[in-house]
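**Q** Okay, sequence plus prediction incoming.
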Amino acid sequence: MSALFLSPPSFDGFDGGAGARYQARREVTSYWYPTWLAQPAALVPGSRLLDCPPHNIGMPETLRIAKEYNHVIINTSTPSLKNDCKVAEAIKAQRPETKIGFVGAHTAVLPTETLKASTAVDWVGRKEFDFTCKEVCEDRPLDTITGLSFKKDGKIIHNPERELIHNMDVLPWVADVYKRDLEIEKYFIGYLLHPYLSLYTGRGCPAQCTFCLWPQTIGGHKYRVRSAENVAAEMAYMKKTFPQVREFFFDDDTFTANLPRAREIAKKLAPLGVHWSCNSRANLEYDTISQFKDNGLRLFLVGYESGNDDTLKRIKKGVTTDEMRRFTKACHKAGVVIHGTFILGLPVETKETIEQTIQFARELDVFSLQVSLAAPYPGTELYEMARQNGWFAKKDKTDIVHGDGFQQSTLEYPGLDKEMIFEEVDRFYRSYYLRPKPILRIIKTMLEDKDIFVRRCREGYEFFRSLNQRKVDLAASRAATAG
């Protein structure tokens with residue numbers, strides 16, 4: 001059973017791995033772990049995980065490695081599909097008997113379209129694909145494998161759906177795959193200590209956010225979790241296996257969705273003496289936050305999205321700006337760092353709501369933030385809303401990134417075109433970071449740690465270079481519109 005699990009070469013600096021919520025190039029070097037590929041790779045003896053972008057592996061090396069495998073399973077995404085098809089075609093051209101499968105959120109929603117995208121794609125996995133991949137690599141007949149779509153005699157066959165995994169403890173740990181196939185020092189996230197490791201303790205999210213990709217395409221809205229004992233045991237193993245790791249990140253969509261379990265895990269992590277961080281909604285009370293802090297929590301990644309309550313209702317965020325304020329103050333009091341994420345271009349954005357969001361972010365004054373553009377991925381409620389209301393700025397509704405891999409604005413509204421929304425990202429960043437408090441915070445971390453000093457210098461260079469590139473992209477977009 002030889003199988004290559006592949007995140008292909010793509011745009012320079014493109015984070016499209018099977019852990020990226022928004023497949024795009026970031027303002028600073030950022031790579032999430034390809035955990036969604038590592039999980040099935042751990043199920044298949046003799047497999048290899050090849051994550052090309054962070055390891056700077058180009059097409060020649062990819063083709064050389066792929067030639068050794070009977071099965072190649074490629075993680076694809078809406079913005080990278082065309083590129084990934086070219087990679088598949090090159091692999092098939094050098095070894096026609098290689099069986100190539102595509103997996104990911106895009107294939108879960110558009111299996112027929114993905115199979116039609118290239119003759120090189122033999123099958124696609126739908127929904128949760130761990131055991132689908134395992135059974136393919138065991139060379140079982142494709143028509144017997146649930147959760148799979150494939151081509152036969154010029155026709156596309158959709159097998160019955162595969163049941164979601166309910167006992168998450170049946171999945172093997174990803175630690176050994178990481179150790180065997182990845183150079184963890186290649187993975188950077190600006191707000192996490194370096195080197196870091198990320199893993200999932202569960203899948204699915206009960207929240208109903210209209211824009212969020214994974215719960216609406218693969219994971220589902222029920223939070224299916226590993227036992228606290230299983231998580232703590234893997235963490236102990238990871239600490240021993242990767243002694244250089246300075247921080248562990250739980251990449252569950254909302255780790256705090258099941259608070260009793262989250263508290264239990266936190267207590268079990270305390271004796272390990274590790275720093276850990278996680279995704280959280282902005283609705284926790286001070287006592288819970290403080291308890292997490294006492295048991296090793298360092299940082300929350302929080303999706304604030306907007307500073308306008310009507311916008312938050314439209315996207316079904318389930319949290320108000322007042323709740324967000326209370327949560328943020330509680331985190332400041334407890335000494336928990338926050339990296340906040342915001343989105344511009346959500347329904348129905350105006351100049352006024354953008355300004356509200358910028359001022360709201362300044363008021364919250366979290367340690368760091370990320371500003372994204374609304375990305376209406378197929379399969380999400382946001383995509384359907386945009387289609388029904390005519391908000392798409394381009395005929396190609398899957399055109400989400402520029403040719404350089406940076407996000408582009410794909411939606412526009414009355415009085416606010418896509419170029420204006422795109423331009424506001426730059427203003428948001430400058431308005432937030434070019435203030436005394438954020439600057440002093442960053443300088444303080446640089447003076448405390450020589451490695452952080454070097455890293456922040458690199459990130460600062462990359463950040464302003466990316467903002468300049470965004471201006472180039474904006475000028476090109478306006479020229480294209482005018483033409």
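**A** The structure has been received and is ready for your questions. Numbering: from 1, shown residues only.
**Q** Would you mind giving the domain segments of this structure?
**A** Residue ranges for the domains of the chain, per automatic domain parsing: 3-158, 189-482.
**Q** which residues of the stretch 151-300 of the chain fall in strands?
**A** Along the stretch 151-300 of the chain, counting by DSSP state E, counting those that start in this stretch, strands occupy 155-158, 196-199, 202-203, 224-225, 247-250, 276-280, 297-305.
**Q** so which of those gets nearest residue 26?
**A** strand 297-305 (13.9 Å; C-beta to C-beta). Bear in mind the C-beta positions are built from the backbone N, C-alpha and C, glycine included.
**Q** Residues touching the very next helix or strand once past the closest one, excluding its own?
**A** Following strand 297-305 in sequence order, the next helix or strand is helix 309-314 (DSSP states H and E). The contact list for helix 309-314, computed with C-beta atoms under 8 Å, 6 or more residues apart in numbering, reads 210, 305-306, 319-321, 346-349, 353.
**Q** Nearest residue to residue 348 in space, please, no chain neighbours.
**A** residue 413 (5.1 Å; C-beta to C-beta, 6 or more residues apart in numbering).
**Q** hey, where'd the strands end up in the stretch 1-150 of the chain?
**A** Counting by DSSP E, counting those that start in this stretch, the strands of the stretch 1-150 of the chain are 3-7, 14-15, 24-25, 48-51, 71-75, 99-103, 123-125, 148-152.
**Q** Next one: residue 270 from residue 258, what distance?
**A** 19 Å (C-beta to C-beta, to the nearest Å).
**Q** Neighbour count: those two, which is higher?
**A** Taking neighbours as other C-beta atoms under 10 Å, residue 270 and residue 258 compare with residue 258 leading, 17 against 13.
**Q** contacting residues for that one?
**A** Residue 258 neighbours (C-beta under 8 Å, 6+ apart): 202, 223, 225.
**Q** can you rerun that using 7 Å?
**A** 223, 225 (C-beta atoms under 7 Å, 6 or more residues apart in numbering).
**Q** Give me the contact list for stretch 110-125.
**A** Against stretch 110-125 from outside (C-beta under 7 Å, 6+ apart): 81, 85, 88-89, 92, 99-103, 106-107, 126, 132-133, 136, 142, 147-151, 156, 158, 378.
**Q** Return the members of those residues classed as buried.
**A** 81, 85, 88, 92, 99-103, 106-107, 126, 132-133, 136, 142, 147-151, 378 (16 or more other C-beta atoms under 10 Å).
**Q** Where does the prediction get shaky in the stretch 251-400 of the chain?
**A** The stretch 251-400 of the chain contains residues with pLDDT under 70 at 397.
**Q** For it, just list every one of the helices.
**A** 259-269, 286-294, 309-314, 321-334, 351-364, 381-389 (DSSP state H, counting those that start in this stretch).
**Q** Throw together a ChimeraX command that grabs the buried residues out of the contacts of helix 309-314.
**A** One line in ChimeraX is enough to select the buried ones among the contacts of helix 309-314; burial here means 16+ other C-beta under 10 Å:
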select :210,305,306,319,321,346,347,348,349,353
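**Q** Relative to residue 448, which of the contacts of helix 309-314 is nearest.
**A** Using C-beta to C-beta, residue 305 is the member of the contacts of helix 309-314 that lies nearest residue 448, at 31.2 Å.
**Q** How much space separates the residue nearest to residue 351 when sequence neighbours are not counted from residue 192?
**A** Of all residues not flanking residue 351 in the chain, residue 416 sits nearest, at 6.5 Å (C-beta to C-beta, 6+ apart). Per C-beta to C-beta, residue 416 is found 34 Å from residue 192.
**Q** what's the answer for residue 35, then?
**A** In terms of C-beta to C-beta, residue 35 sits 15 Å off from residue 192.
**Q** One more: residue 442?
**A** Applying C-beta to C-beta, the value for residue 442 to residue 192 is 15 Å.
**Q** Of those two, which one has the most company?
**A** residue 192 (23 against 17).
**Q** okay but that one is in contact with residue 278, surely?
**A** No: using C-beta atoms under 7 Å, residue 192 is not in contact with residue 278, being 11.1 Å away.
**Q** shared neighbours of the two, which are they?
**A** Joint contacts of residue 192 and residue 278 (C-beta under 7 Å, 6+ apart) are residue 249.
**Q** Below-threshold pLDDT in the stretch 1-150 of the chain: ranges please.
**A** Using pLDDT under 70, the flagged stretches of the stretch 1-150 of the chain are 1, 13, 16-25.
**Q** how about a cut-off of 90?
**A** For the stretch 1-150 of the chain, the stretches with pLDDT under 90 are 1-2, 10-32, 77-80, 105, 127.
**Q** In it, mark out all the helices, start to finish.
**A** 35-43, 52-55, 59-66, 81-94, 105-109, 111-117, 130-137.
**Q** export those to JSON lines and tack on distance to residue 457?
**A** Below are these laid out as JSON lines (distance: least, C-beta to C-beta, whole Å):
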{"stretch": "helix 35-43", "distance to residue 457": "30"}
{"stretch": "helix 52-55", "distance to residue 457": "20"}
{"stretch": "helix 59-66", "distance to residue 457": "30"}
{"stretch": "helix 81-94", "distance to residue 457": "32"}
{"stretch": "helix 105-109", "distance to residue 457": "35"}
{"stretch": "helix 111-117", "distance to residue 457": "42"}
{"stretch": "helix 130-137", "distance to residue 457": "40"}
